[in-house]
Every structure is written in C-alpha cells, then in structure tokens.
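Asker: Following is a predicted model, sequence given first.
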Amino acid sequence: MGVYEELIARGLIAQVTDEKEIRELVNSGKAVFYIGFDPTADSLHVGHFMALCLMKRLQMAGNKPIALIGGGTAMIGDPSGRTDMRQMMTVETIQHNVECFKKQMSRFIDFSDDKALLVNNADWLLDLNYVEVLREVGAHFSVNRMLTAECYKQRMEKGLSFLEFNYMIMQSYDFYALYQRYGCNMQFGGDDQWSNMLGGTELIRRKLGKDAYAMTINLLLNSEGKKMGKTQSGAVWLDAEKTSPYDFYQYWRNVDDADVIKCLKMLTFLPLEQIDELAKLEGSELNKAKEILAHELTELIHGKEEADKAQEAARALFGNKQNTDNMPSTELSDEDFGEDGIGVLDLLSKCGLIPSKKEGRRLIEQGGISIDDEKVTDVTAKLALDAFAKGYVVIKKGKKVFHKAIH
C-alpha cells in the first residue's frame, strides 16, 4: 500500500485537484508540498495536529514538507470558518508567535539536512508593491468567482471587509512564490481552505503555464459534527505550559466511543491492522483503545516519559489509589486566601477549571464538583487554610477531571 492509499484508508483525504498526478507524486516521494499555519496564538493547538501528522507521514515516505508560517497573512486574518473579523495583532505579537511555532514544529518535523523547510511568508508579502500586485496578480482573479467561495459567503452576512477580501489573493501568492523559490508543487490544508488553494493553482497556471496541485484533508470533527480540540476552559494546546501533558492525555482518554477509532486512524501512526483489531472492541473494552490513543498522542507531542506519567496518574485516580504525584496542579499563595478562606468559585477559577463563575455555579448546582471526595453543594462555600493541612486538596470536576490545589 502506497502512502496515498494509506491516507485514503485512514479517512484523511477530502478533495484533490488531480488524483492521478497527486497519487504518483506522493507515492514516489517527489512531492514538495506546503501547509500554512497562521501564528494567531503563541502555541499550536489540536486543530493543527492533523496537519502536523500529515506532514510527518508524507516526510516518512520521502516527500519534502515546507512549513509555511504566516507572519504576513496573520496581519490580515483568514475569514474562513468565521462569522466575525479577527482581532488585529501587532507586529511584535506576530513575531513572538512565529518563534513559538518554529520551536514546536521542530520537535515534530525533521528539518535537518534539507529534509524540510520552515519559511515565513512575511519575507515576500511585506515587501510587495500594492500597484504591482494589482497589475500582476489582481488581474487574474474574478471578483464574481471569489464571492461564491464558502469562506466569503459566511462573512458576507455580517459584512466582509476589503482587508479580509484580500486573504485569498495573499494565500494564492504564497503558493506562487513557493513554486518559484523552492519548486513547491503541491499544497495541502484543511477542507475549509479549498477555495484559497484553488486560487493558488490557478495563479501558477496563468502566470507560469505550469501545473501545481492541491489536496484537502478532512477536518477533525466529533460524531456530532463539531470541531475537536475544544474544552469548557478553551483550546487544547500543544504547549505543556498551556495544556499540561496530563490534561492533554485526559482529553484523548475521554473522547466519545464513536470517535476513538477515527482518531486512531487519522492521528496515530499505528498500523491499520492493529486499529482494525481495536475496532472490534465493544462496551467497556473500548477503554483499552482510548488509553492507547491517549498515550500515542501524548508521546508524539510530549515524549514517552510524560505520556507514561500521565497514564500512570490517570490509572491511579480512576483505580481510586489516590496517587496525586503526576496530577495537574496549581500553587496557591497566602494572598489567595482572605480572612475566612478562599471561595470555591475563586478556587475553581484560579485552577483553570471553569471559564467563568457562571459556569462554576452551574457545575456546583448540578453536583459536578467535589473537593477531597466531598461534594460541594454551596456556591458561596469557602475553604479555610486548615483544609490544606496535608499541603493540598484534590478537586474533582465531573467524573474524569482531577486537579490538585497546593498550599
């Protein structure tokens, strides 16, 4: 089975411009492909995970990835999949985020010996002359056709700024620039990027008379059709400082039964034969598949040692052994306690367990919060310092989230 056939078997491929050519390039290891990442935060998140896995798979098959960090496009903002305009970021913030992305990608993709490239589109986009772009690039784009693109149709309802309208042209220019500079013959991305990617292949054909190809991968959606990688307290980040290895492990350990096999196929590097065997598991036995998924992905991002620690901590908690050594924790200072202690809502907020106090009240009223195995029923309850006599308390949210508050 070639790598292209494996991508199909894993349910990754959504749309392609020319299947015969793409199959041949990818299977022969001759694809020089790029995937773009706009640095809109200081860490990659689970939404980027699929793209990183695809890059790794294709690199292992001999193809050359180009990780394009959008230091230039981030100054505009991609309207795809959004109903509002993105917040404008300063140049300093964008540059900081670019450096964070570089560090994370380097742990995942092998950039040694010219096996992969890491480039920033600010290097060519920020030097462009506006009138020259209008003449040399704008002439090849039909406004009527652009407005039929799904990414623009969603924004038209609330108002599409001219700033965002230029995003497709900028992304298309990226492909054109990468083709000329590095011989990049293919672009991969999420299925919501299809229109932008077609713009690039068309610009290369019109300007250079050459063929270039595009392939989109299915978005990581759960069984309800919602994007995976979000929790009540926000995104699941790849940075250990923003989402601990334990919390990262727990996110995958707790996926719905209906999603576990799909995630194993799309995100892990386990052989398909092994995944097919796991797909035969039913009922509580599916927990074995979830443990394997969680460990594999945590090891990919944080290394085997952290994955082992997270697994051990999770097993200890769910086995009621109360081993809190590797549990995610928050250090409380004396200032966090008033004269009569710290309010339970303040405690939950301080530990990052709730996005708002309103959500905290709802959880408590529904019996979803316990502290040291005692269910919290009063939203105004406070914990005095003597509650921390052993140095910490263990907070349990729902059935599966544990957190240690230390003092």
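Answerer: Right, received. Where do you want to start?
Asker: Which parts of the stretch 51-200 of the chain are strands?
Answerer: If DSSP state E, counting those that start in this stretch is used as the criterion, the strands of the stretch 51-200 of the chain fall at 64-69, 117-120, 186-190.
Asker: Nearest to Glu365, out of those?
Answerer: strand 186-190 (38.3 Å; Cβ to Cβ). Every residue, glycine included, has its C-beta placed from N, CA and C.
Asker: Run a quick neighbour tally on the residue lying closest to Asn254 once chain neighbours are set aside.
Answerer: What sits nearest to Asn254 in space, not counting adjacent residues and going by Cβ to Cβ, 6 or more residues apart in numbering, is Lys400, at 5.2 Å. Using other Cβ atoms under 10 Å, Lys400 has 13 neighbouring residues.
Asker: doesn't Trp252 make contact with Lys400?
Answerer: No. Using Cβ atoms under 8 Å, Lys400 is not in contact with Trp252, being 11.7 Å away.
Asker: which residues are contacting the helix or strand that contains Asp247?
Answerer: Under the criterion of DSSP states H and E, Asp247 resides in helix 245-253. With contacts defined as Cβ atoms under 8 Å, 6 or more residues apart in numbering, helix 245-253 is touched by 46, 231, 236, 238, 240, 243, 263, 290-291, 293-295, 297-298, 301-302, 306-307, 309-311, 313-314, 326-328, 400-401.
Asker: and that helix, how far from the chain's centre?
Answerer: 14 Å (Cα atoms, centre = their mean, to the nearest Å).
Asker: so how far is Asp386 from the residue with the largest distance to the centre of the chain?
Answerer: Relative to the centre of the chain, and counting by Cα atoms, centre = their mean, the farthest-placed residue is Glu339 at 42.4 Å. Glu339 sits 14 Å away from Asp386, going by Cβ to Cβ, to the nearest Å.
Asker: Give me the ChimeraX select line for the contacts of helix 245-253, limited to the buried ones.
Answerer: Under the burial definition 16 or more other Cβ atoms under 10 Å, those of those that qualify are selected in ChimeraX by:
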select :46,236,238,240,243,263,290,291,293,294,295,297,298,301,302,306,307,309,310,311,313,314,326,327,328,401
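Asker: which ones among the contacts of helix 245-253 are found in helices?
Answerer: 46, 263, 290-291, 293-295, 297-298, 301-302, 306-307, 309-311, 313-314 (DSSP state H).
Asker: My guess is Val393 contacts Leu383. True?
Answerer: Yes. The pair Val393 and Leu383 passes the contact test of Cβ under 8 Å, sitting 6.9 Å apart.
Asker: Mutual contacts of these two, please.
Answerer: Taking Cβ under 8 Å, 6+ apart as the contact rule, Val393 and Leu383 both touch Ile371.
Asker: Of those two, give the one with the bigger neighbour count.
Answerer: Between Val393 and Leu383, counted using other Cβ under 10 Å, the more crowded position is Leu383 (22 against 19).
Asker: Give me the phi and psi for that one.
Answerer: Phi and psi for Leu383, reported as degrees, to the nearest 10, are phi -110, psi 120.
Asker: Read off the pLDDT value for it.
Answerer: Leu383 carries a pLDDT value of 88.
Asker: Contact partners for it?
Answerer: Listed by Cβ under 8 Å, 6+ apart, the contact partners of Leu383 are Gly341, Ile342, Val344, Leu347, Ile371, Val393.
Asker: do the same with Ile217
Answerer: Contact analysis of Ile217 by Cβ under 8 Å, 6+ apart lists Leu7, Leu12, Ile13, Ala14, Met50, Ala51, Leu54, Phe188, Gly189, Gly190, Asp191.
Asker: Mind checking which of the residues you listed are buried?
Answerer: Buried among the contacts of Ile217 (16+ other Cβ under 10 Å): Leu7, Leu12, Ile13, Met50, Ala51, Leu54, Phe188, Gly189, Gly190.
Asker: ok, what's across the strand from the last one?
Answerer: This means Gly190. Here Gly190 sits in beta bridges with Ile217, as judged by DSSP bridges.
Asker: got it, and Ile69?
Answerer: For Ile69, the beta-bridge partners are Phe37, Asn120 (DSSP bridges).
Asker: out of the strands of the stretch 51-200 of the chain, deepest packed?
Answerer: With neighbours defined as mean count of other Cβ atoms under 10 Å, those peak in mean count at strand 186-190, which reaches a mean of 26.
Asker: So which elements touch it?
Answerer: In this structure, strand 186-190 packs against strand 32-37, helix 46-60, helix 194-208, strand 213-217, with contacts taken as 3 or more Cβ pairs under 8 Å, 6 or more residues apart in numbering; DSSP states H and E.
Asker: which one of those lies closest to Ile364?
Answerer: helix 46-60 (28.2 Å).
Asker: Show me where the stretch 101-250 of the chain dips below the pLDDT cut-off.
Answerer: Within the stretch 101-250 of the chain, the stretches with pLDDT under 70 are 144, 146-147, 150-159, 161-164, 231-234.
Asker: Just confirm Lys396 is within a strand.
Answerer: Yes. Membership of Lys396 in a strand is supported by DSSP: H, G, I helix; E, B strand; the rest coil.
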